[in-house]
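**Student:** quick one, structure for this:
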Amino acid sequence: VKLIYQFGEEVAGEDAHLLHQMGIYEMHRPNGNLEKSSEYLARADDLASYDVTIKHSKAELQLKLAEIARTPLEKEQRLKEATALAISIKNARTDTSYAFHTLIKIGLRRLRDYLSTEPIDPTAILEITKEIEGYLFEGLQRFPAHSYLCEAEANFATLLSDSERALNALEKALVTNPRNTFIALRLSGCYKQKGDLVKAKEILKNAIEVNGNEKKLQYSYVKVLFLTNDAVPGEIVYHLRRSFTEGDANYDAQLL
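**Tutor:** You can find the predicted model right below:
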């Protein structure tokens, strides 16, 4: 890419791959020109609209632009554009985790904003928590142990577990609606992040008692059992058999 800049942009010509690399270079280099990055990526996308890696870079650029937005309205518009691009990749059912990783990062960006506002909006926190949890679960089932997704999950758990207000909102929501799968999953994840595996296990066990048909709960309960190492004979297999159905996308559950 540096050689391209040295000898002139005409070297890139109408090569989508080179334009894509130039866009990435501008996005990530120190004091990069994000306007030029946007221009290169748009040209690359015009030439190769089928290439999901280009769309992913465009989504990441919008997320980066959201971080330096001058107004809340501009930030929200950037996040919406990044979301639309990531969802288009997700819906294409590609063999990459790009879309899930970007969607989770967008959700975390919004969650940080909600947690920093006064007064706190518990409803907004619960909604975005549910959204992130959904993308995380689907992403990790399709791409088990993917490093970026695992890192995103750890960041998510840390963000919530470090916020007393967020934990309180999740606790109250679960008391109000004990059948809320996503809240049970995330609250359990927060306690797991804190090292309180007994509490994490208890939350999931109680959730399964009122919503035993929910595959996500069965799978997550098994993952905690692996950590506590206190399962009774046959318990892990029992819950794993209830964590997927033949032909669904819960690949990690099926593999286990």
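**Student:** what's the end-to-end length of stretch 86-98?
**Tutor:** When the termini of stretch 86-98 are compared using C-alpha to C-alpha, to the nearest Å, they are 8 Å apart.
**Student:** and what of stretch 231-248?
**Tutor:** 26 Å.
**Student:** after the one helix or strand Thr53 maps to, which helix or strand is next?
**Tutor:** Counting by DSSP states H and E, the element that carries Thr53 is helix 52-67. Proceeding C-terminally, helix 52-67 gives way to helix 72-91 as the next helix or strand, assigned by DSSP H and E.
**Student:** what segments of this protein are helices?
**Tutor:** 2-7, 16-28, 34-47, 52-67, 72-91, 98-115, 122-142, 147-161, 164-176, 181-194, 197-210, 215-228, 235-240, 251-255 (DSSP state H).
**Student:** single out the most deeply packed of those.
**Tutor:** Most buried of the helices of the chain, by mean neighbour count (mean count of other C-beta atoms under 10 Å): helix 181-194, with a mean of 23. Backbone N, C-alpha and C define where each C-beta goes, glycine included.
**Student:** let's test this: mean pLDDT of stretch 106-113, rounded?
**Tutor:** Across stretch 106-113, the average pLDDT comes to 93.
**Student:** so how far is it from its chain's centroid?
**Tutor:** Here the centre of stretch 106-113 is set off from its chain's centre by 10 Å, with C-alpha atoms, centre = their mean, to the nearest Å.
**Student:** how about stretch 81-92?
**Tutor:** Using C-alpha atoms, centre = their mean, the distance from the centre of stretch 81-92 to the centre of the chain it belongs to is 13 Å.
**Student:** what residues does the helix holding Thr53 touch?
**Tutor:** By C-beta atoms under 8 Å, 6 or more residues apart in numbering, the surrounding residues in contact with helix 52-67 are 16, 20, 23-24, 27, 34, 37-38, 41-42, 44-45, 48, 74-75, 78-79, 81-83, 85-86, 88-89, 92, 94, 96, 98-99, 102, 105-106, 109.
**Student:** for Ala169, what are its contacts?
**Tutor:** Neighbouring residues of Ala169 by C-beta under 8 Å, 6+ apart: 120, 122, 125-126.
**Student:** same check on Ala99?
**Tutor:** Shown here is Ala99, whose contacts under the criterion C-beta under 8 Å, 6+ apart are 56, 86-87, 89-90.
**Student:** dump those to JSON lines, plus pLDDT and distance to Ser188.
**Tutor:** Output for the contacts of Ala99, formatted as JSON lines (pLDDT from 0 to 100; distance: C-beta to C-beta, whole Å):
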{"residue": "His56", "pLDDT": "94", "distance to Ser188": "30"}
{"residue": "Ala86", "pLDDT": "94", "distance to Ser188": "26"}
{"residue": "Ile87", "pLDDT": "93", "distance to Ser188": "27"}
{"residue": "Ile89", "pLDDT": "91", "distance to Ser188": "29"}
{"residue": "Lys90", "pLDDT": "90", "distance to Ser188": "25"}
